[in-house]
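In: attaching a predicted model along with its sequence, questions to come.
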Amino acid sequence: MKKEAQLVMIPLSAMGHLASSIEFAKLLTNHDHRLSITILVIKHPHDDDAARISSYTRSLSSSQRVHVINLPECPLDPETPSSFQFQALVDNQKPNVRQIVSNLSGPPLAAFVVDMFCTSMIDVAKEFKVPSLVFYTSGAAYLSLMLHLHTLREQDNLDRSESKEFVIPGFLNRVPRTALPSIVSKEVWDSFFMANGRGLKKADGIIVNSFEELESHAVHSFSNSPIPIYPVGPILNTSANNNINTEILEWLDQQPRSSVVFLCFGSMGSFGEDQVKEIANALENSGVRFLWSLRKPPIRGPGKPIFAPPSDYSVSELAAALPAGFLDRTAGIGKVIGWAPQTQVLAHQATGGFVSHCGWNSTLESIYCGVPIAAWPLYAEQQTNAFELVCELKMAVEVALDYMDDFISAPNFLVTADRIEKGIRSVMEIDEETRKKVKEMSEKSRSTLSEGGCSYSYLGRLIDYIMEQV
């Protein structure tokens, strides 16, 4: 009888984390039929993206070796500070996870695979006497930065002064303070930062959604690490066709090759009225063909959920949000939309540049499709990703690397139309050397998970480790 193994996977329900976790589960089970995976989904009580998440998890119902269980909703205490919400959400689910795992049938349990923000579940894995692997939905350089800065903070040696630059093992260049995520640069997030770092260091291994050909220096910086890392990416849902707006793709079909700049800022990205008008003026002044995913920001303030996603504008709201007459004046060259089928837009031959928030999934999708990025980070680890793309890898241009909107406070400044226009022109007229580098990395991202590629090799090592546990 052949040896089989079962994994319990606990992702965060945020779409960017959940989607890559599910794709990773499919990658594992397709690669080795001895594996089966039970995914336990933690739903955020203020998650307005529940319909899309539910639709996505239902798409797995036909898989015999990947099972999805939605954990019961655990309400958060309304008095829970913003910086404690993730920890409280995960901790509240521990009894439910214990019960479900205790009742699992099938192959023996080999390991827990927990999201980078669900590391407190490692305590539950220890109760079942199995190792814990962290699924890290960001890149290897960012992982290096977080672990190194956590060590400095433990030693009371983390200088957060404005002029400070940091020497980080995973980066060739000194990293400026403006490239740090808000959970490091702002003391209000200190407890979350410290808990997250402690959790990562308790893992038996870290699975990174990246690939060595892209982040060779960062990956090699872990060669002597006590925690093994497994860069097995890019893990993408490149075949997604849910909710495709055919009108958008038909419009792209009518545009010349590589002529359209695509502006899209992720599932949580939005801008206030003043910033929207600056973007509109930049697009109109540039004269470049554009597809702009513009979404209405959630209402912020006391009593409102901190991580509420944006929504789509109604027709009348959209006209009011933009400069008077903008839609009429740009009707011949541009299109303003709500939610965008990002992967399909990036893969379209008409798309020539991408103004992006530099979320890691979006970064990997853009590289996979060979579309150069104009970097405009907003929150989370996006400032670090943008710095890596522009200054380390030299595969992107800048809109505003030092911009930050961290959900708690207002954006740190208004990006002017001139600056945005410069970024748009730079990405659409990018130099040949950079365009060639993006194209070569696109080809590597498509081959690395095939036999002979670095990610294929790391995936094999990871599966060997898992099978050794049973």
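Out: That came through, no problem. Quantities reported herein were computed from a predicted structural model and do not represent experimental measurements.
In: can you pull out the strands in the stretch 351-470 of the chain?
Out: Counting by DSSP state E, counting those that start in this stretch, the stretch 351-470 of the chain has strands at residues 351-356, 373-375, 396-398.
In: out of the ones you listed, deepest packed?
Out: strand 373-375 (a mean of 28; mean count of other Cβ atoms under 10 Å). Yep, even glycine has a C-beta here, placed from its N, CA and C like the rest.
In: contacts for it next, please.
Out: 261, 353-356, 358, 363, 366, 385-386, 389-390, 395-399, 401, 423-424, 426-427 (Cβ atoms under 8 Å, 6 or more residues apart in numbering).
In: mind running it again at 6 Å?
Out: Identification of contacts with strand 373-375 by Cβ atoms under 6 Å, 6 or more residues apart in numbering yields 354-356, 358, 366, 386, 389-390, 396-399, 423, 427.
In: closest to Ile235 out of the residues you listed?
Out: When these are compared for distance to Ile235 (Cβ to Cβ), Ser366 wins out at 14.8 Å.
In: and for the closest one, the neighbour number?
Out: 26 (other Cβ atoms under 10 Å).
In: in this structure it contacts Gly352, no?
Out: No - Ser366 lies out of contact with Gly352 (Cβ atoms under 6 Å); the separation is 11.8 Å.
In: what ranges does the stretch 1-150 of the chain have for its helices?
Out: 15-31, 50-58, 85-92, 94-102, 122-127, 140-154 (DSSP state H, counting those that start in this stretch).
In: can you lay out those helices as CSV showing mean neighbour count and mean pLDDT?
Out: Shown next, in CSV, are the helices of the stretch 1-150 of the chain (neighbours: other Cβ atoms under 10 Å; pLDDT from 0 to 100):
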stretch, mean neighbour count, mean pLDDT
helix 15-31, 20, 91
helix 50-58, 15, 60
helix 85-92, 19, 85
helix 94-102, 15, 97
helix 122-127, 17, 97
helix 140-154, 22, 97
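In: can you say which of the ones you listed is nearest to Ala331?
Out: Of the helices of the stretch 1-150 of the chain, the one closest to Ala331 (Cβ to Cβ) turns out to be helix 50-58, at 29.6 Å.
In: where are the low-confidence patches of the stretch 301-450 of the chain?
Out: 301-306 (pLDDT under 70).
In: okay, helices next: where are they in it?
Out: 315-321, 326-329, 342-347, 360-369, 382-387, 417-428, 432-447.
In: and the second one, what's buried?
Out: By neighbour count on 16 or more other Cβ atoms under 10 Å, the buried set for helix 326-329 is Phe326, Leu327.
In: would you mind writing the CA trace of it as PDB?
Out: Listed next in PDB are the C-alpha coordinates belonging to helix 326-329 (Å, rounded to 0.1, in the frame of the first residue of the first chain):
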ATOM      1  CA  PHE A 326     -13.400  63.900 -18.400                       C
ATOM      2  CA  LEU A 327     -15.400  60.900 -19.600                       C
ATOM      3  CA  ASP A 328     -16.600  62.700 -22.800                       C
ATOM      4  CA  ARG A 329     -13.100  64.100 -23.600                       C
END
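In: check what contacts that helix and list those residues.
Out: So helix 326-329 is contacted by Ala280 (Cβ under 6 Å, 6+ apart).
In: quick one: which of the contacts of strand 373-375 is nearest to Val288?
Out: The nearest one, if we look at the contacts of strand 373-375 relative to Val288 and count by Cβ to Cβ, is Val427, at 9.4 Å.
In: contacts only, for the closest one.
Out: Contacts of Val427 (Cβ under 6 Å, 6+ apart): Gly353, Pro372, Ala374, Val397.
In: 8 Å instead?
Out: Counting by Cβ under 8 Å, 6+ apart, the residues that Val427 touches are Val261, Gly352, Gly353, Phe354, Val355, Pro372, Ile373, Ala374, Ala396, Val397.
In: what are the bridge partners for the third one, then?
Out: Read it as Gly353. Val261 (DSSP bridges).
In: tell me who's in contact with it.
Out: Val260, Val261, Phe262, Val371, Pro372, Ile373, Ala374, Ile424, Val427, Met428, Ile430.
In: give the contact list for the third one.
Out: Spelled out, that is Phe262. By Cβ under 8 Å, 6+ apart, the neighbours of Phe262 are Phe290, Leu291, Ser293, Ala340, Val345, Leu346, Thr351, Gly353, Phe354, Val355, Val371.
In: let me know the closest of the residues you listed to Asp464.
Out: Using Cβ to Cβ, the contacts of Phe262 come closest to Asp464 at Leu346, 34.1 Å.
In: in contact with that closest one, which residues?
Out: Per Cβ under 8 Å, 6+ apart, neighbours of Leu346: Phe262, Phe354, Glu365, Ser366, Tyr368, Cys369, Val371.
In: next one: the residue nearest to Asp418 when sequence neighbours are not counted from Ile424, what distance?
Out: Computed as Cβ to Cβ, 6 or more residues apart in numbering, the closest residue to Asp418 that is not its neighbour in sequence is Ala282, at 7.5 Å. The span separating Ala282 from Ile424 equals 6 Å under the rule Cβ to Cβ, to the nearest Å.
In: what does Leu71 give?
Out: For Leu71, the distance to Ile424 - Cβ to Cβ - is 43 Å.
In: neighbour-wise, which of these two wins?
Out: Ranked by neighbour count (other Cβ under 10 Å), Leu71 and Ile424 place Ile424 first, with 25 against 16.
In: at which residues are the strands of the stretch 151-300 of the chain located?
Out: 165-166, 175-176, 205-208, 229-231, 260-264, 289-293.
In: got a markdown table for these, with mean pLDDT too?
Out: Below are the strands of the stretch 151-300 of the chain laid out as a markdown table (pLDDT from 0 to 100):
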| stretch | mean pLDDT |
| --- | --- |
| strand 165-166 | 94 |
| strand 175-176 | 96 |
| strand 205-208 | 98 |
| strand 229-231 | 98 |
| strand 260-264 | 98 |
| strand 289-293 | 98 |
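In: next, format those as CSV and append distance to Ala380.
Out: As requested, these are exported to CSV (distance: least, Cβ to Cβ, whole Å):
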stretch, distance to Ala380
strand 165-166, 18
strand 175-176, 16
strand 205-208, 16
strand 229-231, 20
strand 260-264, 16
strand 289-293, 18
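In: out of those strands, which is closest to Tyr379?
Out: The nearest among those, by Cβ to Cβ, is strand 260-264 at 15.0 Å.
In: quick revisit: which one of the strands of the stretch 151-300 of the chain lies nearest to Ala125?
Out: Closest among the strands of the stretch 151-300 of the chain, using Cβ to Cβ: strand 205-208, at 12.1 Å.
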